[in-house]
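Q: using only what follows, build the 3D model:
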Amino acid sequence: MSTILLCLLVTALIPYGLAFWGSAVRRKEFGEVDNHHPRQQYAKMTGRGARLWAAQQNAWEALGLFTAAVVAVGLTGTTGAMVVLASVIFVLARIAHALCYAFDLATPRSIIFIVAFLAVLFLFAAAIF
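A: Just a heads-up that it's a prediction; the model follows:
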């Protein structure tokens, strides 16, 4: 279970990493970071900055689903190499997803999204069955 919890921690840190990266791009694009109205400033971003903002939002959404899957696995006492592997695949896919978002690789990003989603579905299936 410790590997799965480590995967959960890494997944929880991904949006923060994207936020820091996005802030650096925001500072470069606007000359400063507006901490009084950050969401309005993000809404004006284009290119990589806008994609990083979208990737951050998507990472928060994915965190909720993965957290639920980890809770399901934990509550049912589901263990095994396949459960650990699915968790690791999820994390690696989510990191790759964020990078594809940042570098405007739309088709690979969509494929990687599906891989991560299937990994989460596997975790739920392992907990249920």
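
Q: do a quick rundown of the helices in this structure.
A: Taking DSSP state H as the test, the helices found in the chain are 2-30, 38-43, 47-76, 81-102, 106-128.

Q: what helices and strands are in contact with the second one?
A: Looking back up the chat, that one is helix 38-43. helix 2-30, helix 47-76 (3 or more Cβ pairs under 8 Å, 6 or more residues apart in numbering; DSSP states H and E). From N, CA and C alone the C-beta is placed, and that goes for glycine too.

Q: can you check the fourth one too?
A: Helix 81-102 sits against helix 2-30, helix 47-76, helix 106-128, with contacts defined as 3+ Cβ pairs under 8 Å, 6+ apart.

Q: pull out the buried positions in the shortest one.
A: Across helix 106-128, burial judged by 16 or more other Cβ atoms under 10 Å covers 109, 112-113, 116, 119-120, 122-124, 126-127.

Q: output that helix as PDB, restricted to C-alpha atoms.
A: Listed next in PDB are the C-alpha coordinates belonging to helix 106-128 (Å, rounded to 0.1, in the frame of the first residue of the first chain):
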ATOM      1  CA  ALA A 106      -2.900  17.100 -28.400                       C
ATOM      2  CA  THR A 107      -3.200  13.600 -29.900                       C
ATOM      3  CA  PRO A 108      -0.700  11.900 -27.600                       C
ATOM      4  CA  ARG A 109      -2.300  13.800 -24.700                       C
ATOM      5  CA  SER A 110      -5.600  12.300 -25.500                       C
ATOM      6  CA  ILE A 111      -4.200   8.800 -25.800                       C
ATOM      7  CA  ILE A 112      -2.300   9.200 -22.500                       C
ATOM      8  CA  PHE A 113      -5.500  10.500 -20.800                       C
ATOM      9  CA  ILE A 114      -7.200   7.200 -21.800                       C
ATOM     10  CA  VAL A 115      -4.300   5.200 -20.400                       C
ATOM     11  CA  ALA A 116      -4.600   7.000 -17.100                       C
ATOM     12  CA  PHE A 117      -8.400   6.600 -17.000                       C
ATOM     13  CA  LEU A 118      -8.200   2.900 -17.700                       C
ATOM     14  CA  ALA A 119      -5.700   2.500 -14.900                       C
ATOM     15  CA  VAL A 120      -8.200   4.100 -12.500                       C
ATOM     16  CA  LEU A 121     -10.900   1.900 -13.800                       C
ATOM     17  CA  PHE A 122      -8.700  -1.100 -13.200                       C
ATOM     18  CA  LEU A 123      -8.200   0.000  -9.600                       C
ATOM     19  CA  PHE A 124     -11.900   0.300  -9.000                       C
ATOM     20  CA  ALA A 125     -12.500  -3.100 -10.700                       C
ATOM     21  CA  ALA A 126      -9.800  -4.700  -8.500                       C
ATOM     22  CA  ALA A 127     -11.500  -3.300  -5.400                       C
ATOM     23  CA  ILE A 128     -15.000  -4.400  -6.500                       C
END
